[in-house]
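Trainee: Provided below are the primary sequence and the corresponding predicted coordinates.
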Amino acid sequence: MSMNCPHCGQISTTRTSKPVSLISKETWYQCRNLECGHTFVAVTEVVRTLSPSARPNPLVRLPISRPATRR
Ligand SMILES: [Zn+2]
């Protein structure tokens, strides 16, 4: 997984990641632009459910997303 560097906009490479909780993780990124050299940490978090799990973990509580409206 990659992410754009917030300073120069170039693609950054994942170096490592670790879980922070049941629904979030921190990921370390390194910018591919050698003239930039930015390294940074981002958080990825599960924010809502689209379709409920068939094996729900009772410790995980997420809001259920409303169905998308179709036109
Ligand atoms: Zn950069």
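Mentor: Now that the structure is in, tell me what you want to look at. Residues are numbered from 1 along each chain as shown.

Trainee: In contact with the nearest residue to residue 6 once chain neighbours are set aside, which residues are there?
Mentor: Counting by Cβ to Cβ, 6 or more residues apart in numbering, the nearest residue to residue 6 once its immediate chain neighbours are dropped is residue 40, at 7.1 Å. Bear in mind the C-beta positions are built from the backbone N, C-alpha and C, glycine included. Counting by Cβ atoms under 8 Å, 6 or more residues apart in numbering, residue 40 touches 5-6, 12, 28-29, 31.

Trainee: ok, 10 Å please
Mentor: 3, 5-7, 12, 27-31 (Cβ atoms under 10 Å, 6 or more residues apart in numbering).

Trainee: May I ask which of those residues has the most neighbours?
Mentor: Neighbours here are counted as other Cβ atoms under 10 Å. On that basis the top member of the contacts of residue 40 is residue 12, with 25 neighbours.

Trainee: Does it touch residue 41 like I think?
Mentor: No. Contact criterion Cβ atoms under 10 Å: residue 12 and residue 41 do not qualify, at 11.0 Å.

Trainee: residues from the chain in reach of the ion?
Mentor: For the chain, the residues found near the ion under the criterion Cβ under 5 Å from the ion are 5, 7-8, 31, 33, 36, 38.

Trainee: so how far is the ion from the residue nearest the centre of the chain?
Mentor: Here the mean C-alpha position of the chain is nearest to the C-alpha of residue 44 (Cα atoms, centre = their mean), at a distance of 2.6 Å. When distances are taken as Cβ to the ion, to the nearest Å, residue 44 and the ion turn out to be 19 Å apart.
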